[in-house]
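Undergrad: Predicted model and sequence below, questions to follow.
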Amino acid sequence: MTTATDRVQLDRRVPPLGGFNLTYLGIELKRKLRNRRTLIFTIAFPVVMFVIIGARLNDEPLTRTPLAAGGPSVASYIMVSMAMYGAMMSATQTGASVAIERAQGWSRQLRLTPLNPLVNVVIKMIAGMLLGLLAVIATYIAGAISGVSLSPAQWIVTGLTAWILASAVFTTLGLMVGYMVPGENAAQITSLVIVLLSFLGGLFYPLSSMPDFMQTIAKFTPVYGISQIARAPLTGDAFDIWSLVNAVVWLAIFVAGTAYFFRRDTKRV
């Protein structure tokens, strides 16, 4: 004989892939695209900053290789940096959306459905990464229109590195803050953190132009490793292995922090 408890358990049976589906992913992406503030800071701002600062430096060689011989320009350096900044801002906004949903009680509603809470986080991460990809593409289009000239390999490698590494590391940072800080405060905190880390990590200018003690601090920021790896194809120098270690360690720290605050949050239900 089937009891009421058995029927509830059948109704809450977890679907394949924990409930992951493209419909929900599409809804999350549309929500982000309808948010004008998000679009301004993740897509429009990097493009505008590149046009104002970088486009006029397209005739300045970045390395000793002349521009006529295929050497990159200073504009290309700034283009990669701005694209990475857009991907970082998009990634951290994922955490802000999580914090708002927690404050509104939407997260609690989702836990009453068969959707796995971890799958919900993964869907938000993918949506954030897709928006970050739009930021990278928009910035690179602006660079190409302004006259930035790179080899096909440089275009692809710098773009993919700036997008994937920045999205992976800073999505986990945004989620950690989102589960740690209540309400809309997460958006202000993450935006402030990104700007601060960008300056300390040398995202907007070469580290060689900074004082020695600032260069030392920069090497311990999560921005440093990603930016060094992303811009390595432009300078022709092999990136230091410690740049990769830096990115991996910070990713591990943010993942561990996200897992801790996520478990703490789910215990409240």
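TA: Done, it's in.
Undergrad: From now on I want contacts and neighbour counts done on CA atoms only, so please keep to that.
TA: OK.
Undergrad: Please enumerate the helices of the chain.
TA: In the chain, the helices defined using DSSP state H lie at 4-11, 22-34, 36-39, 45-49, 74-104, 106-110, 117-146, 152-180, 185-200, 212-218, 222-235, 241-266.
Undergrad: Mean pLDDT for these - can I get that in JSON lines?
TA: Output for these, formatted as JSON lines (pLDDT from 0 to 100):
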{"stretch": "helix 4-11", "mean pLDDT": "49"}
{"stretch": "helix 22-34", "mean pLDDT": "84"}
{"stretch": "helix 36-39", "mean pLDDT": "79"}
{"stretch": "helix 45-49", "mean pLDDT": "91"}
{"stretch": "helix 74-104", "mean pLDDT": "85"}
{"stretch": "helix 106-110", "mean pLDDT": "71"}
{"stretch": "helix 117-146", "mean pLDDT": "86"}
{"stretch": "helix 152-180", "mean pLDDT": "89"}
{"stretch": "helix 185-200", "mean pLDDT": "86"}
{"stretch": "helix 212-218", "mean pLDDT": "87"}
{"stretch": "helix 222-235", "mean pLDDT": "89"}
{"stretch": "helix 241-266", "mean pLDDT": "86"}
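Undergrad: Return the most buried member of those.
TA: With neighbours taken as mean count of other CA atoms under 10 Å, the helices of the chain reach their highest mean count in helix 74-104, at a mean of 27.
Undergrad: how big is the angle separating that helix from helix 185-200?
TA: 160 degrees (axes from the mean of the first three to the mean of the last three CA atoms, to 10 degrees).
Undergrad: Make residue 1 into 27 and carry on from there
TA: Fine by me, first position is 27 from now on; the one you just mentioned is helix 100-130.
Undergrad: What is the distance between helix 100-130 and the centre of its chain?
TA: 5 Å (CA atoms, centre = their mean, to the nearest Å).
Undergrad: Ok, stretch 131-148 next?
TA: 22 Å.
Undergrad: ok, back up a step: can you list the helices of the chain in TSV and add distance to Pro92?
TA: What follows is these, written out as TSV (distance: least, CA to CA, whole Å):
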stretch	distance to Pro92
helix 30-37	67
helix 48-60	41
helix 62-65	37
helix 71-75	25
helix 100-130	12
helix 132-136	55
helix 143-172	18
helix 178-206	16
helix 211-226	29
helix 238-244	28
helix 248-261	12
helix 267-292	27
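Undergrad: nearest to Arg90, of those?
TA: helix 248-261 (9.4 Å; CA to CA).
Undergrad: hmm, back to that, just so I know, which of the helices of the chain lies nearest Thr89?
TA: helix 248-261 (6.4 Å).
Undergrad: Kindly format the C-alpha coordinates of that closest one as PDB.
TA: Provided in PDB are the C-alpha atoms of helix 248-261 (Å, rounded to 0.1, in the frame of the first residue of the first chain):
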ATOM      1  CA  PRO A 248      44.400  36.600  -7.500                       C
ATOM      2  CA  VAL A 249      44.600  39.000 -10.500                       C
ATOM      3  CA  TYR A 250      48.300  38.700 -10.900                       C
ATOM      4  CA  GLY A 251      48.500  35.000 -12.000                       C
ATOM      5  CA  ILE A 252      45.700  35.200 -14.500                       C
ATOM      6  CA  SER A 253      46.800  38.500 -16.100                       C
ATOM      7  CA  GLN A 254      50.400  37.300 -16.500                       C
ATOM      8  CA  ILE A 255      49.200  34.100 -18.200                       C
ATOM      9  CA  ALA A 256      46.700  35.900 -20.400                       C
ATOM     10  CA  ARG A 257      49.200  38.500 -21.600                       C
ATOM     11  CA  ALA A 258      52.200  36.200 -22.100                       C
ATOM     12  CA  PRO A 259      51.500  35.600 -25.800                       C
ATOM     13  CA  LEU A 260      51.800  39.400 -26.300                       C
ATOM     14  CA  THR A 261      55.200  39.800 -24.700                       C
END
